[in-house]
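Peer 1: I'd like to go over a predicted model; first the sequence, then the structure.
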Amino acid sequence: MINNHSKNNHNNKNSQINKNNIPGRPAKSNVAAHNEHSVDTRELALEMLIEINERGAFSHIVLRSVLDKYQYLSKQDRAFMTRLVDGTIEYMLQLDYIIDSFSKTKVRKMKPFIRNLLRMSVYQIKYMDAVPDSAVCNEAVKLAKRHKFAQLSGFVNGVLRNIARNIDSVQLDTLSIRYSMPQWIVDRFVAAYTEKKAEEIFKAFHSKSSISIRTNLTRCTPDELRAMLEAEGVIVSPVDELNYAFVISGFDYLNGLQSFRDGLFYVQDISSMLVAQTAAPKKGDYVIDVCAAPGGKSTHIAELLQGSGHVLARDMTDNKVDMIEENIERHGLDNMSAEVWDATVPDADSAGKADILICDLPCSGLGVLGRKKDIRYKMTPESVDELAALQRQILDTVHTYVKPNGVLVYSTCTIDEAENEDNVRWFIEKHPEFELDKSFAEGTGMKQILPGEHGSDGFFIARFIKSKL
């Protein structure tokens, strides 16, 4: 039996749940103006899961929206709800496997409400020690009855109690079930990295994600930011590779921090910060970022320019450009602007103008499955092929913007060869005026960061130099 994913091994020590107070029970609002009635965090979690799993919404957007709406809930209730939603999505294939092992009606044949109710209940039974199994079963039955599924409440109760009695006997024999990864992703990673390395990657996806930030250098110094965060009760750890970056923990939510509201830092994965470092902008450089939303990499470059030069950040919709402009204002940057432009459409006016061209292109996201847990269920092999083709189309369109001796940085948040190394080889063959910068990444010109390395997400960066000709 596989026991490395038992209750005691799934971040329970990091859980913010008090064992003396069963979480998930209806909680009274501390702010009567917001809601005078009780809020059932399990019911909220279930509604979110249905929105994500049945209607295709993105988990991080749904969760952020609900947490913003219910800011008045206690830190304990918010933590419970977040973990229940994230954990259920993260282990959904495994949870379905367990449910199917004990139910005559298979998950795919169940009503959406019932299958998501069972999923989140089994997650609590298997991975949340702080919640007694009896409470899980009782609360699930109540939810079924409350939502007019009284005729199925006996079924829900029977399946859950059977699972609770026998959970430790369930064999999780395959990588797909053990780590809740679609088989095609398992096959792809094993082929690319070997089975042993693939399992290490899957383990990294399931490890607790850290929150890394970079100092907004236009507003304060790293030392000043650290002092402010610590004054707010935040635990701050430095990042060796980047003296303006920190890993933070020990706080409830970002909007509760005055330093965040004042725009003193930007939340960004360490691997993503390396794009600006790789670009290495010089004073006065003109930079174009062709797929910039929400603006993390381009604002970072604008900061490194220290008020000189200019960064033009583009994306293809008004909503995305609005996000970039909000970050420009938040960072207080005068040397950066944003505009709507589809990167697949040539821009003759930009030809030969960019000292640095940033191509952080749409990708499969197979390097960030730990942070964006629902991507694994939305992506398909066909989608990866389509994205690789789109990346080539964009590179083929925008490479003309680079000046002679200029720099093109290509990056993705995937660890898939088709979108990374294969595209690099294709680009060099089709556009021989570009060469990989041998001074970058130990002479290779490209770097593949695997999940868990440096405590970061999976990421790929290549740095090209355009010849004088």
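Peer 2: Looks like it came in fine. Predicted model, so just to flag it, every value in this text is computed and none were measured. Numbering: from 1, shown residues only.

Peer 1: where does the stretch 151-300 of the chain have low pLDDT?
Peer 2: Of all residues in the stretch 151-300 of the chain, none has pLDDT under 70.

Peer 1: could I get the full set of helices for it?
Peer 2: Remark: helices assigned in the stretch 151-300 of the chain by DSSP state H, counting those that start in this stretch are 153-166, 175-178, 183-193, 195-206, 222-231, 258-261, 270-279, 296-304.

Peer 1: what's the most buried one of those helices?
Peer 2: Of all the helices of the stretch 151-300 of the chain, helix 296-304 carries the top mean neighbour count, a mean of 26, counting by mean count of other C-beta atoms under 10 Å. The C-beta positions use only the backbone N, C-alpha and C, and glycine is treated the same way.

Peer 1: elements contacting it?
Peer 2: Under the contact criterion of 3 or more C-beta pairs under 8 Å, 6 or more residues apart in numbering; DSSP states H and E, helix 296-304 touches strand 265-267, helix 270-279, strand 286-289, strand 310-315, helix 318-331, strand 336-340, strand 354-360.

Peer 1: can you tell me which strand in the protein is longest?
Peer 2: strand 402-412 (DSSP state E).

Peer 1: any idea of the mean pLDDT for that strand?
Peer 2: For strand 402-412, mean pLDDT rounds to 98.

Peer 1: okay, now the residue nearest to residue 146 when sequence neighbours are not counted: neighbour count?
Peer 2: Leaving aside its sequence neighbours, residue 146 sits nearest to residue 43 (C-beta to C-beta, 6 or more residues apart in numbering; 7.6 Å). For residue 43, the neighbour count with other C-beta atoms under 10 Å is 18.

Peer 1: phi and psi next, for residue 43.
Peer 2: phi -70, psi -40 (degrees, to the nearest 10).

Peer 1: wait, it touches residue 143, no?
Peer 2: Yes. If you go by C-beta atoms under 8 Å, residue 43 and residue 143 touch, sitting 6.1 Å apart.

Peer 1: got the contact list for stretch 144-163?
Peer 2: With contacts defined as C-beta atoms under 8 Å, 6 or more residues apart in numbering, stretch 144-163 is touched by 43, 98-99, 102-103, 105, 111, 113-114, 117-118, 121-122, 125, 133, 136-137, 140-141.

Peer 1: who touches the lengthiest helix in the chain?
Peer 2: Counting residues, the longest helix found in the chain (DSSP state H) is helix 381-398. Contact with helix 381-398 is made by 184, 188, 288, 290-291, 343-346, 357, 359, 361-364, 366, 410, 412, 416, 418-419, 422-423, 426-427, 430, as judged by C-beta under 8 Å, 6+ apart.

Peer 1: for it, buried residues please.
Peer 2: Residues of helix 381-398 classed as buried by neighbour count (16 or more other C-beta atoms under 10 Å): 384, 387, 388, 390, 391, 392, 394, 395, 397, 398.

Peer 1: likewise stretch 125-145?
Peer 2: Within stretch 125-145, judged by 16+ other C-beta under 10 Å, the buried ones are 125-128, 130-131, 133, 135-137, 139-141, 143-144.

Peer 1: kindly report the same for stretch 337-355.
Peer 2: Those would be 337, 338, 341, 343, 347, 350, 353, 354, 355, for stretch 337-355 by 16+ other C-beta under 10 Å.

Peer 1: now pLDDT too, for these, in TSV please.
Peer 2: Formatted as TSV, the buried residues of stretch 337-355 follow (pLDDT from 0 to 100):
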residue	pLDDT
337	98
338	98
341	98
343	98
347	98
350	98
353	98
354	99
355	99
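
Peer 1: ok now the longest helix of the chain, how far from the chain's centre?
Peer 2: 21 Å (C-alpha atoms, centre = their mean, to the nearest Å).
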